[in-house]
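S.K.: Can you look at this prediction? I've put the sequence above it.
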Amino acid sequence: MTNDPFNFFNLPLLKHTPKLDYLTLLNILGQPAPPPRKTLLTGLLEKEAPAPSKRYSSEEIADEIRKILRDKWETRDGEKIPEAEDLKLSNDGVKLDGTVLYADLVDSTGMVESKTPEFAAEVYKAFLIGACRVIRNNGGEIIAFDGDRVMAAYIGKSKNTSAAKSALQINRVVVDANASLKVAYPDTAFTIRHVVGIDTSSLFVAKTGVRNSNDLVWVGRAANRAAKLCTIREENYATYITPEVFNVLAEEAKLDATTKALMWESHAWTGMNNIPVYRSSWYWGTF
């Protein structure tokens with residue numbers, strides 16, 4: 001006979017015993033009652049979130065929204081790329097002419113679902129550190145991260161050439177990163193792929209969010225189209241720019257330095273009613 005309280009051989013012989021509940025049965029067996037159920041579930045159930053320092057009612061939130069829609073904007077022309085501390089959370093905006101670059105990994109979702117978290121994180125880190133170094137090398141300012149992609153802005157007289165050079169140099173970084181990846185993981189068939197999109201336009205910059213948790217929003221065609229361009233997926237092409245960018249490129253970002261071959265080709269953007277854009281499969285030499 002075992003000491004298992006749930007072994008029916010341990011039960012005393014009871015005739016005409018009414019149906020027993022669990023606690024009564026344990027008492028008959030001389031076993032202690034278990035702790036309360038909520039103690040048994042400690043660590044399994046989510047704890048209630050701590051109360052915020054101030055709780056806003058739906059009416060208070062509606063008042064804030066009405067204030068945004070009612071208040072006049074204070075705007076000024078920007079001479080540099082603004083930072084968060086340059087703007088207020090009220091209707092305060094900066095206007096400037098700028099070029100926006102988006103660089104995005106291709107199929108990062110598939111990578112995350114099929115590879116280890118450490119492998120995926122290494123690819124994210126490798127791609128983003130390379131893109132960020134190149135952007136800053138060419139005078140760009142990193143203005144946002146969105147998961148596996150980075151957004152940058154360029155201003156000044158050479159903003160379009162600087163952005164296009166950045167894109168071709170990011171292509172070079174990815175070529176080198178894939179070579180390093182093969183050394184670190186010789187058995188993997190995975191290859192880092194990416195797309196860069198670039199456009200230029202007037203931009204309007206404002207601060208959004210709440211106190212101690214906010215960011216800048218970049219409003220304008222360049223921000224929108226650059227983001228959309230980097231969603232194009234075509235084999236061998238990693239860079240897409242609008243005609244407004246292409247038409248003002250300096251020769252160093254338009255023609256190969258040795259052969260003087262044009263590094264860009266005209267292309268119909270099917271995802272945007274076949275408007276013309278330029279695409280490139282070229283990458284920069286060592287830099």
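M.R.: Perfect, I can see it now. Numbering: from 1, shown residues only.

S.K.: Which other helices and strands does the helix or strand encompassing Tyr240 contact?
M.R.: Per DSSP states H and E: Tyr240 is located in strand 239-241. If you count contacts as 3 or more C-beta pairs under 8 Å, 6 or more residues apart in numbering; DSSP states H and E, strand 239-241 packs onto helix 159-184, strand 194-210, strand 275-280. Glycine gets a C-beta too; all of them are placed from N, C-alpha and C.

S.K.: And those: which comes nearest Ala131?
M.R.: Smallest distance to Ala131 across the helices and strands packed on strand 239-241 (C-beta to C-beta): 5.1 Å, for helix 159-184.

S.K.: Can you mark which positions in the closest one are buried?
M.R.: Across helix 159-184, burial judged by 16 or more other C-beta atoms under 10 Å covers 159-174, 177, 181.

S.K.: Could you point out which of the helices and strands packed on strand 239-241 sits nearest Val100?
M.R.: Val100 sits nearest to strand 194-210 of all these, at 6.1 Å, using C-beta to C-beta.

S.K.: gap between that closest one and the chain center?
M.R.: In this view, strand 194-210 has its centroid 14 Å away from the chain centroid, taken as C-alpha atoms, centre = their mean, to the nearest Å.

S.K.: same check, this time on stretch 76-86
M.R.: Distance, stretch centre to chain centre, for stretch 76-86: 23 Å (C-alpha atoms, centre = their mean).

S.K.: Pull out the buried positions in it.
M.R.: By 16+ other C-beta under 10 Å, the buried positions in stretch 76-86 come out as 78, 81-82.

S.K.: can you put the helices and strands packed on strand 239-241 in TSV and add mean pLDDT?
M.R.: Listed next are those as TSV, based on pLDDT from 0 to 100:
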stretch	mean pLDDT
helix 159-184	97
strand 194-210	97
strand 275-280	96
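
S.K.: could those be laid out in CSV, adding distance to Asp97?
M.R.: Below are the helices and strands packed on strand 239-241 laid out as CSV (distance: least, C-beta to C-beta, whole Å):
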stretch, distance to Asp97
helix 159-184, 8
strand 194-210, 6
strand 275-280, 20
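
S.K.: Tell me which of those sits nearest to Ile65.
M.R.: The minimum distance between Ile65 and these falls on strand 194-210, with 12.6 Å, by C-beta to C-beta.

S.K.: Buried residues, the helix or strand following the closest one. List them.
M.R.: Of the helices and strands lying after strand 194-210 in sequence (DSSP H and E), the nearest is strand 213-219. Neighbour counts over strand 213-219 (16+ other C-beta under 10 Å) mark 216, 218 as buried.

S.K.: quick one: strands adjacent to strand 213-219?
M.R.: Take DSSP bridges as the rule and strand 213-219 pairs in its sheet with strand 194-210 (antiparallel).

S.K.: what is the orientation angle of the strand it pairs with with strand 275-280?
M.R.: In terms of direction (axes from the mean of the first three to the mean of the last three C-alpha atoms, to 10 degrees), strand 194-210 departs from strand 275-280 by 120 degrees.

S.K.: so strand 194-210 versus helix 159-184, what angle?
M.R.: Going by the same axes, to 10 degrees, strand 194-210 makes 110 degrees with helix 159-184.

S.K.: in strand 194-210, what counts as buried?
M.R.: So, applying 16+ other C-beta under 10 Å, buried residues of strand 194-210: 194-201, 203-207.

S.K.: now do stretch 147-158
M.R.: 148-155, 158.

S.K.: what does the strand holding Tyr240 rub up against?
M.R.: 163-164, 167-168, 171, 195-199, 229-230, 232, 264, 267, 269, 277-282 (C-beta atoms under 8 Å, 6 or more residues apart in numbering).

S.K.: if we go to 6 Å?
M.R.: Defining contact as C-beta atoms under 6 Å, 6 or more residues apart in numbering, one finds that strand 239-241 is touched by 167, 196-198, 229, 232, 277-280.

S.K.: mind checking how far that strand is from the chain centre?
M.R.: Distance, stretch centre to chain centre, for strand 239-241: 20 Å (C-alpha atoms, centre = their mean).

S.K.: tell me how far the helix or strand following it is from the chain's mean position?
M.R.: With elements assigned by DSSP H and E, the helix or strand that comes after strand 239-241 is helix 243-246. On the basis of C-alpha atoms, centre = their mean, helix 243-246 sits 26 Å off its chain's mean C-alpha point.
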